[in-house]
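Participant: based on what follows, work out the 3D shape:
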Amino acid sequence: MPSAAERTRTLVQSTCSATLLIPGACAPAPDRLPADPLSPEARTVGGDGEILLLYPADSPAVRAATHAQDDELPAELELTDVAPVAVPHRIRARARVRGWLTSQPGLAEPGQMMLRLEVGDLYVDDLWGSGPVDTEAFAGARPDPLRRHEAELLQHLAAAHGDRMLALASLLGRDRARTDPPVRRVVPLALDSFGLRVRCRAAGGGVFDARFDFPEPVREVTRLRRAMQALFDAAEEASGQDPAGRRNREARDG
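Facilitator: Numbers count the residues shown, from 1 in each chain. From the prediction side, this is the model:
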């Protein structure tokens, strides 16, 4: 399974929403809130684990970092990840990164400014659990290699393979099949190099998650297709179907 540091690194380097909170930076009047959220145009992680945030040169965040100069400017980056398919409870993860902000002239195009967030502490709350993240582990972690393709793949599975997704319910185990209401719908919720997580809706209206781990991590889309095919084949066999026969029929009909 991916570590908390790897999951947080993936969030930071994904396309999920991000806002920056700088106490006092956007509050010229005393009756305003002490901090307003600001969304960077782009973000990445530097070689030492610092987070680089791209902003317009005239943004309040840039003005605050520039005026602070050598002083430490505390800031907090909040990230929210939402499932790219329609499922109950769509928020999959939230992360918080607290640290100190400085401007980095010369790293961006004219009219823009790169800001550097030195990481002080991190916290993640996602489908795996919640808790603090070690800063050194975060600096040494790598984002999931499938993160750029995840949204498109999940949307494709949900739109074009609803029947095969539902067949995955046959892998949930005999004890559940005997005692619980039957599963009526299975929706892909999250995908990473270690496996697929789905959200199931039972006949009685209950909702629960299930995860199917791959035999070994997959690092590229070609191998992911083979891993998914093996998973679907196992589901068809568990439900009494013949996956080889189905493929032969599809090849003959196609």
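Participant: list the beta-bridge partners for the residue lying closest to Gly46 once chain neighbours are set aside.
Facilitator: Residue nearest to Gly46 in three dimensions, not counting chain neighbours: Leu52, with 5.6 Å by Cβ to Cβ, 6 or more residues apart in numbering. Yep, even glycine has a C-beta here, placed from its N, CA and C like the rest. Beta-bridge pairing for Leu52 (DSSP bridges): Thr44, Arg116.
Participant: can you count the residues close to Leu52?
Facilitator: If you count neighbours by other Cβ atoms under 10 Å, Leu52 ends up with 17.
Participant: ok, Gly106 next?
Facilitator: Neighbours of Gly106 using other Cβ under 10 Å come to 6.
Participant: surely it is in a helix?
Facilitator: No. Secondary structure of Gly106 (DSSP: H, G, I helix; E, B strand; the rest coil): coil, not part of a helix.
Participant: count the neighbours of Val45 for me.
Facilitator: 19.
Participant: right, and it touches Ile51 too?
Facilitator: Yes. With contact defined as Cβ atoms under 8 Å, Val45 reaches Ile51; the gap is 5.8 Å.
Participant: check which helix or strand covers Arg226.
Facilitator: Using DSSP states H and E, Arg226 sits in helix 221-238.
Participant: need the residues that contact stretch 164-176.
Facilitator: Applying Cβ atoms under 8 Å, 6 or more residues apart in numbering, the external contacts of stretch 164-176 come out as 157-158, 182-188, 198, 200, 210, 212, 231-232, 234-236, 238-239, 241.
Participant: got the buried residues for stretch 39-57?
Facilitator: Using 16 or more other Cβ atoms under 10 Å as the test for burial, stretch 39-57 gives Pro40, Arg43, Val45, Gly49, Glu50, Ile51, Leu52, Leu53, Leu54, Tyr55.
Participant: just the residues contacting the helix or strand containing Phe212, thanks.
Facilitator: Assigned by DSSP H and E, Phe212 belongs to strand 207-213. Outside strand 207-213, the residues that touch it by Cβ under 8 Å, 6+ apart are 1, 88-89, 127, 168, 171-172, 189, 194-202, 231.
Participant: residues near Ile1, how many?
Facilitator: One thing to correct before we go on: residue 1 is Met, not Ile. 12.
Participant: who's in contact with the closest residue in space to it that isn't next to it in sequence?
Facilitator: Ranked by Cβ to Cβ, 6+ apart and with sequence neighbours excluded, the top spatial neighbour of Met1 is Phe194, at 5.7 Å. Residues in contact with Phe194 (Cβ under 8 Å, 6+ apart) are Met1, Pro2, Asp213, Phe214, Pro217.
Participant: tally of neighbours for the third one?
Facilitator: By that I understand Asp213. Asp213 has 13 neighbouring residues, counting by other Cβ under 10 Å.
Participant: any low-confidence regions in the stretch 1-150 of the chain?
Facilitator: 24-37, 69-70 (pLDDT under 70).
Participant: what segments of it are strands?
Facilitator: Remark: strands assigned in the stretch 1-150 of the chain by DSSP state E, counting those that start in this stretch are 17-21, 37-38, 42-45, 51-56, 73-82, 91-104, 112-126, 129-133.
Participant: these: which one's closest to Ala64?
Facilitator: strand 73-82 (6.2 Å; Cβ to Cβ).
Participant: sheet partners, orientation included, of the closest one?
Facilitator: strand 17-21 (antiparallel), strand 91-104 (antiparallel).
Participant: now Pro88, nearest residue through space, not along the chain?
Facilitator: Val207 (5.2 Å).
Participant: many thanks, I have nothing further to ask.
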